[in-house]
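# Could you work out the structure for the sequence below:
(chains A, B, C and D)
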Amino acid sequence: MSALLSLQNISKRFPGVLALDEIDMELREHEVLGLIGQNGSGKSTLMKIIGGLHQPSAGEMRLRGSPVRFGSPLEAARAGIGLVHQEQSLIGNLTVAENLFIDKPTDFSRFGFYRRGRMNDAARIQLDKVELDVAPDTPVDQLTFAQRQMVELAKVLSLEELVEGHLVVLFDEPTSVLTPTEIQALFRQVRRLKMRSSVVFISHRMDEVLAISDRVYVLSDGRNVAERAKGETDPDELYELMVGRQRAGSVLPRNNPPDKSAPKRLAVRDLTVPGKVEDVTFDVASGEIVGLIGVQGSGAEAVCRAIFGVEDSHSGHIEYEGRPVRVSCPSGAVGLGIGYVPAERKAEAMMKGMSVCQNMTVTFGSDYGYGGLLLSKRRERREAANWVERLKIKTPSLDHRIDQLSGGNQQKAVLSKWLLGRSLRLLVLDHPTRGLDPGARADLFNAIRQLAEDGLSIVFVGDTLDEMVTLSDTILVLRDGRLSQRFDDVQTQRPSEEDIVRAMV
Amino acid sequence: MTQAQLHAHDTSAMASPRRGEAGTQRRSGHIGLGVLKSAGPIVSLLAMILVFASLTPNFVSVANLQAILESAAVPAVVAIGMTFVLVQGSIDLSGEGVASLANILLSILIANSVTANDLGAGAIGVVLATGLAIGALNGTLYAYLRMPSLIVTLAMWLITLGLAALLFPSRQPQILDSGFVGLALHKHLGLSALVYLAVALAFVAFIVERRTKLGRIGFAIGADEALVRLAGVNVNAYKVGAFAICGCLTGLGGILTAAQIGVGNPLAGEGLLFPGIAACVIGGTLLSGGRGGVLHSLVGVLVLVTLRNGLVQTGANPLLQKAIEGMVIVVAVAASTWHLRRKTRVVK
Amino acid sequence: MKLLKRISAAVVAAVAIVVGPLASHGAMAQEKPKTVYLAVGTTSSEYWQEVIWGAQQVANSVGAKLEVYESGFDGQKHMQQLGAILAAGCEGCAFAWFPDSTAFTKAFVERAEAGGAFMTTMWNRPEEIHPWDTASDAWIANISFDGVDSGYQNGMALCKAIGGKGGIAVLKGTPDNPPSKQREIGLLKAVSECPGMTILDTQIGNWGQTEGQNITRTWIARYGDQLKGVFAQNDGMALGAVAALREKGLAGKVPVTGSDGSSDVLKLIKSGEMLSSMRISSQLHGAVAAALAYAVASGDLKIGDLAQAQRDFYLVQTLATKDNVDAMLSAQPNPADFTYDALKKNFWARSKGQIPVGVN
Amino acid sequence: MTPALARMFPSIRSVGDLLRACGPAIVLLLVFATVIWIAPGILKWRAINALLFDAAPLLILVIGSTLPVLLGCIDLSAAAMASFSAVVVALLVPEFGSAAVPLVLVGAAGIGAAQGWLIGRLQIPSFVMTLGTLGLFSGLALYLSNASTVALGPEVAPLDFLGGRTHGVPNAFLAVVAVWIFLSLLLRFTRVGRDIYAFGASELAAYMSGVRRDLIRSCAFAISSVCAALGGMMLLSQTLYSAPTMASNLLLPALVGVVAGGTAISGGVGGLSASLIGGLTAIMVRVGATIAGLPGAAQDVAFGIIILVAVAVTTDRTKIGIVK
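Down below sits the predicted model:
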């Protein structure tokens, strides 16, 4: 097989950061190339350079042997290169068809006017490929999440008709928010795509990468540290190459299980969130870790948000430390000692543009001041510094902007915002590991485990069964907004993954 | 393949709070006339008509409806232009200045009682081009220098108002071009050409908004500019385009005012801006962008014009009219966006 | 070409303030003032342009410079401008000043007094203060036109035009403004003398054409044939009213009155589309205000010698109607009548007497 | 840079940052130098003194308007509030004497707080809410005063104080400085201040972190209203007559002052010192243009151009992701 796309000594320098350091890479025809690495290792930057969103600071990129340089995604698309983004890149108030072709060179407009008929016909062909039955002129915000993900895929597949010859399709973490069936559908498409294109596939999940790829590159700190062919390697080796340490035993064992006879910290009775959750009942003891899991739309996230008071309406009874409470807003929850780490870190948890310290002290900083109103910057900095050390948050200083940290460190800083609170009794974590690489995930799990040992109650919604079983004392499975199964004492009697999955679907 | 991992999932509405409103609001900007997503604005308008009609019988007379439409023509043209900027999530405050400048420029270029110029229809072209250029300049400063549109256009407001005053000759120029003034005078079915012009413009603007890249990408920019940039779209060009349209239509508003009053007045644009923005917002165009449109703004204009007309018709205390108008703006906007309320909605 | 010149003048002026002008204008107080400072509401209206012209003639005739300050009817702006002039040092300066509303009058004259300057004011004076009892060393005089008389005469003309019977509608200017009130008082007086004439409605048009047009349009719809006449408190709103009437083919059939006597309106009176307007001599207003200020500042006149009637007075005005409009249109102001020396013979030659109590 | 300095000014990492941080001050100095060049007389104490006296009402409005802007909101009603409260004070003085002043200030705080609260409750943009209250206040001011100027009764101690001088310094300006110091301390050393910046940086994240956003918004708008009312009273102390439209034209200069100092209209960036500098710049431009003898219309043009230049120089674009 000959090289379709080759990169030689590609470097990318952002102000103050060397994101990519002389990367060499080769993509052959009809192959799926896996790309793995920790957060901040430069995977996404590399994809963006190939996709024309960034331009390299140095080095050369060759397509079919001739040097190329893309000034924009449009130029890349003309050359047959398409990028499926890490997060959904569909624009809600445009139609499916408009979204499919927004980044493509098309002839669907004349003098700036759309020819909708042609565009919709072309769109229907693409939608058929991904077996999605929606009208092309449906606005995207009327679709479900999964439908949108399929549109996202169709968006790249539409390059097939528009460009002659062999394609390059880049997938930047496409699976992190997909269900197993959706992942299967995706993999089917990827295998079909191999007929006429080459694929680069990024994921944090080593088994996925190994399942789909013919070859794997490992990136670390902007460098290409290893290349392995399929069959030459296993997840443990890849993990070690990526993180630089052994995988086994990375999460501490549970030392003293929670005392179930102790007074309940939280008692949820008949919790109903209209359209999302129905009659959910469960208890959380002090020091207990309760894991919630279910497929998309099962309502696990809504349970968390209702406890924290950000669902628009909910009914049922919630008792907190023996008293009935009515939490209607986050500040009320915080007043009770409840904290919440939302799934949407960028939008809901982080104040971009502000420093790590400012982000950490926003909620409980005033506890370290005088009378709850006057602040003591000295004392709260000391406390923040303390948590930076305990959670091993990698930041140049407390005053570094939080959005310039890597995802894992951002998440730890968000977590420590709550840990600063001396009155915190219950922490609700909503997909806390989403977007984190395995190393960061293990660090975070150890921190959570440690907190539970210290008596903090934790409710969390996990991404994978693996992390559910690793971390939880109790697992609650939700299906269609109702509680379908409960597994107690998970750490002593581990439920099989099959049992959990059966309860989910 | 052993699929050992299974992923728990959020509900679709939660998936993307960044586009949070999109999740809950199912029916949305879509081709066809059923585009007024919430009944709020229309209900406000009808309620207001009912109240006024019950207070004074003359209110629903043909003559009064004609009066309302005549008064709505110029604000409607300005609001249509403003809509293109607002759906992108930007704002243009320069309207009063641009309209005033257009008004005075036109009246000294067309046959008039003060200067010797007589460019005829060419004057209209020059003025429209000026409005377009000012709008494009606004857009360029905003998009390419990355300065907030509020500030850029605030400064442009002062600049254009100053230029209008500098252009004012020592006497008020009276427009002598009878064809031009006839635009406002000659009636067909009891309505002047200005009303028909405004309706035609609204139609064209609606087509542009729904059927062209400029219109559609404008909506997309308002919904999520970062994604549009990610798609490789030249966002800045579309921003400049929207501001240019706004500048041009505001200039047209100044021209139409000149036709109505028959003289050049360097303060002709006064009172166009804030009611114009209020009209758009009352109609359901969000200041944050991505939602609303030309038809919404037209309904908003009708709400405001009807209110003013009705207050005069019913003999409300003139001193309190501003106060009543202010209250109605707040109530109408709250009503038209009530269905969007969510705890996690951000309104600035 | 003229347009081009104006634009380039604007650009040059703008650049000048950014870069810094090459010449300095700091005017220091002298025996004879070298500068006369004139504050106007706006430079973009015919009335104010004529005021400036009048003051300019006076300044030219004594070899002084005329500095014009406009506020856009923002009293704060004039406060800052006056502050800036006085701050640079302006003892014995001559100010002909327009207080944007009565609220600012006292502040202006007291500042002039504190700065050792002399000031005449135009139009706006609160009822309870006068040049002889407030800042009396600096406030030379207040010069205005008789709004009550304007309202009354226009009202009576309207009464006559509608045959003494029928409803009229009133367009008010800015509500908190003395001329607006005076013209209303005058109109009410006319109504009381013309019992058949009734006021259907009063609306605020803020002196503007567009607003006058919109309101009149609504009136036509509301009152139909009942609307026999429109009383507009100034020419701008009257023009708007005429425009609205024209739309319905009613111009000339429904009489409209204004106030100011601007050239546009005179033409409309001539063509019959308007009934009347109170013509005030704006050139004279500017000239007398400037000349009095200059006279005191240069020592030609002593404030202490002035009687009350010389310090708070109306200037003459004439009602423009179809009968006298031709003469008015053909009359061109003669610069020679507005020189300092011409006015100095008797500053009060065209005074219509002291402003009575209770009209401000 | 020493570590201590780096901690105090964490955002400054390069010469460019430093220039941008000092940009507004540099602009002010340049404008001031130009004014001195045109009219050296301005350097006299008496002149500066008079300028400060005139500047006080606008400066206090600029300071007050900054707080909503720090949240990413905007208060269009401040100038109308200034007129409204001046009218109400003048009307209340015959009844309550000097007590009218604190009464109106408290009332303004209540109205401002209600405004802020309603923005959250009704979920309508502050631009629209305050546009509505702008109409409401100016309408009420006209109605209550019956569209007349109202003479201020004699002997109103707080207003006499505002109109007077202490050791030759105008008390109104001292009041501005006092408010500025008080609010700066509030922003820097209290929870309210932290919450305001957090809210401005990301309203949603702040809300999810337990910041009481309705309360914070109410606080910011209450402060804005109180400052506006104070500005109205300073104006009243200068004129001794209240008029229902006396401060209406301060709306634009106040906004210009806020942004010319480098406070981002999108919220979270900037502060009161910046606004003070911006407000002084706006005033110096006006004064300079006046002394230079520019015609009024050209002053507007010059003012507009200087705003564009000042904002282009002082906007820290790295902190504002997408500019709206």
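# can you pull out the strands in the stretch 151-300 of chain B?
Assigned by DSSP state E, counting those that start in this stretch, the strands in the stretch 151-300 of chain B fall at B:187-188, B:191-192.
# if I pick the most centrally placed residue in chain D, what's in contact with it?
Centroid check for chain D by CA atoms, centre = their mean gives D:Val62 as the closest residue, at 1.4 Å. Taking CB atoms under 8 Å, 6 or more residues apart in numbering or on different chains, we find D:Val62 in contact with D:Pro253, D:Ala254, D:Gly257, D:Val258, D:Ser275, D:Leu276, D:Gly278, D:Gly279, D:Ala282. All C-beta spots, glycine's among them, are computed from the backbone N, C-alpha and C.
# what does the stretch 51-200 of chain C have sitting close to chain D?
The interface of the stretch 51-200 of chain C toward chain D, taken as CB under 8 Å from any CB of the partner chain, is made up of C:67-77, C:79-81, C:83-89, C:101-107, C:126, C:128, C:174-176, C:181.
# Keep those, but drop any that are not near chain B.
Checking these against chain B (CB under 8 Å from any CB), the matches are C:Glu70, C:Pro175.
# Pretty sure D:Leu122 sits against D:Gly132.
No. Assessed by CB atoms under 8 Å, D:Leu122 is found out of contact with D:Gly132, at 10.3 Å.
# Of the two, which one has the most company?
D:Gly132 (27 against 19; other CB atoms under 10 Å in any protein chain shown).
# If we only consider the contacts of D:Val62, which is nearest to D:Ala109?
D:Ala254 (18.4 Å; CB to CB).
# how about the closest one, what does it touch?
So D:Ala254 contacts D:Leu58, D:Leu61, D:Val62, D:Ser65, D:Ala78, D:Ala79, D:Gly279 (CB under 8 Å, 6+ apart).
# ok, 10 Å please
Neighbouring residues of D:Ala254 by CB atoms under 10 Å, 6 or more residues apart in numbering or on different chains: D:57-66, D:75-76, D:78-79, D:82, D:224, D:227-228, D:231, D:247, D:275, D:278-279, D:282.
# What of C:Val148?
For C:Val148, the contact set (CB under 10 Å, 6+ apart) comprises C:179, C:181-189, C:314, C:355-356, C:358-359.
# Now for A:Pro324, how many residues are close by?
The number of residues near A:Pro324, taken as other CB under 10 Å, comes to 10.
# pLDDT score for it?
Per-residue pLDDT puts A:Pro324 at 92.
# for it, what are its contacts?
A:Ala267, A:Arg269, A:His317, A:Ile318.
# now the residues of the stretch 51-200 of chain C next to chain D: which count as buried?
Neighbour counting by 16 or more other CB atoms under 10 Å in any protein chain shown classes C:67-77, C:79-81, C:83-89, C:101-107, C:126, C:174-176, C:181 among those as buried.
# Just these: which are in strands?
C:Glu67, C:Val68, C:Tyr69, C:Glu70 (DSSP state E).
# So the residue lying closest to the second one once chain neighbours are set aside: helix, strand or coil?
The reference is to C:Val68. Closest residue to C:Val68 in three dimensions, ignoring its sequence neighbours and counting by CB to CB, 6 or more residues apart in numbering or on different chains: C:Leu38, at 5.1 Å. On the three-state scheme (DSSP: H, G, I helix; E, B strand; the rest coil), C:Leu38 is labelled strand.
# How far does stretch A:84-98 sit from its chain's centre?
18 Å (CA atoms, centre = their mean, to the nearest Å).
# so what does the helix-or-strand element of chain A with minimal mean pLDDT touch, helix or strand wise?
Sorting the helices and strands of chain A by mean pLDDT, DSSP states H and E puts strand A:109-110 at the bottom, at a mean of 74. Judged by 3 or more CB pairs under 10 Å, 6 or more residues apart in numbering or on different chains; DSSP states H and E, the packing partners of strand A:109-110 are helix A:116-129.
# Could you give the number of residues near A:Ser496?
A:Ser496 has 10 nearby residues by other CB under 10 Å.
# circling back: sitting in helices, which of the contacts of D:Val62 do you find?
Cross-referencing these against helices under DSSP state H gives D:Pro253, D:Ala254, D:Gly257, D:Val258, D:Ser275, D:Leu276, D:Gly278, D:Gly279, D:Ala282.
# Let's have those in JSON lines, adding pLDDT.
Converted to JSON lines, the ones in helices among the contacts of D:Val62 look like this (pLDDT from 0 to 100):
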{"residue": "D:Pro253", "pLDDT": "88"}
{"residue": "D:Ala254", "pLDDT": "91"}
{"residue": "D:Gly257", "pLDDT": "90"}
{"residue": "D:Val258", "pLDDT": "90"}
{"residue": "D:Ser275", "pLDDT": "91"}
{"residue": "D:Leu276", "pLDDT": "92"}
{"residue": "D:Gly278", "pLDDT": "90"}
{"residue": "D:Gly279", "pLDDT": "92"}
{"residue": "D:Ala282", "pLDDT": "87"}
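# what's the farthest-apart pair in these?
Going by CB to CB, the pair spanning the ones in helices among the contacts of D:Val62 furthest: D:Pro253 and D:Leu276, at 13.9 Å.
# Would you mind telling me which of the two has the busier surroundings?
Neighbours of D:Pro253 and D:Leu276, each counted by other CB under 10 Å, are more numerous for D:Pro253; the result is 25 against 22.
# returning to what we had before: now, which of the contacts of C:Val148 lie within helices?
C:Pro179, C:Lys181, C:Gln182, C:Arg183, C:Glu184, C:Ile185, C:Gly186, C:Leu187, C:Leu188, C:Lys189.
# pretty sure the fifth one is in contact with C:Gly147, am I right?
Yes. Look at C:Glu184 against C:Gly147 with CB atoms under 10 Å: they come within range, at 8.5 Å.
# intersection of neighbour lists for the two?
C:Gln233.
# Mind checking which of the two has more residues around it?
Neighbour count, other CB under 10 Å: between C:Glu184 and C:Gly147, C:Gly147 has more, with 27 against 22.
# Now do the more buried one, the pLDDT please.
92.
# so what's it up against?
C:123, C:177-186, C:233, C:259, C:278, C:280, C:314, C:317, C:359-360.
# still on that earlier bit, ok, so of the ones in strands among the buried ones among the residues of the stretch 51-200 of chain C next to chain D, who is nearest D:His167?
C:Tyr69 (31.6 Å).
# what sits opposite that closest one in the beta ladder?
C:Ala39 (DSSP bridges).
# I'd like to know how far it sits from D:Ala243.
20 Å (CB to CB, to the nearest Å).
# where do the strands sit along the stretch 101-250 of chain A?
Going by DSSP E, counting those that start in this stretch, the stretch 101-250 of chain A shows strands at A:109-110, A:113-114, A:167-172, A:197-202, A:215-220, A:223-229.
# where does chain B dip in pLDDT?
B:1-38 (pLDDT under 70).
# residues from the stretch 51-200 of chain C in reach of chain B?
C:Ile52, C:Trp53, C:Glu70, C:Gly72, C:Phe73, C:Ala169, C:Lys172, C:Pro175, C:Asp176, C:Leu200 (CB under 10 Å from any CB of the partner chain).
# Return the closest of those residues with respect to D:Ile307.
Top of the list for closeness to D:Ile307, among these and by CB to CB, is C:Gly72 at 16.8 Å.
# before we move on, back to that, was I right about the residue nearest to C:Val68 contacting C:Glu67?
Yes. C:Leu38 lies in contact with C:Glu67 (CB under 10 Å); the separation is 6.9 Å.
# what's the overlap in contacts for the two?
C:Ala59, C:Phe95.
# Grab the longest helix from chain A for me.
helix A:438-453.
# for that one, which positions count as buried?
Under 16+ other CB under 10 Å, the buried positions of helix A:438-453 are A:438-449, A:451-453.
# and it with chain B, contact?
No. Contact of helix A:438-453 with chain B (CB under 10 Å from any CB) is absent, the minimum separation being 12.2 Å.
# ok, now how distant is the residue in the stretch 101-250 of chain A that chain C sits nearest to from chain D?
At 32.5 Å from chain C, A:Gly112 is the closest residue in the stretch 101-250 of chain A, using CB to the nearest CB. To chain D, A:Gly112 is 24 Å away according to CB to the nearest CB, to the nearest Å.
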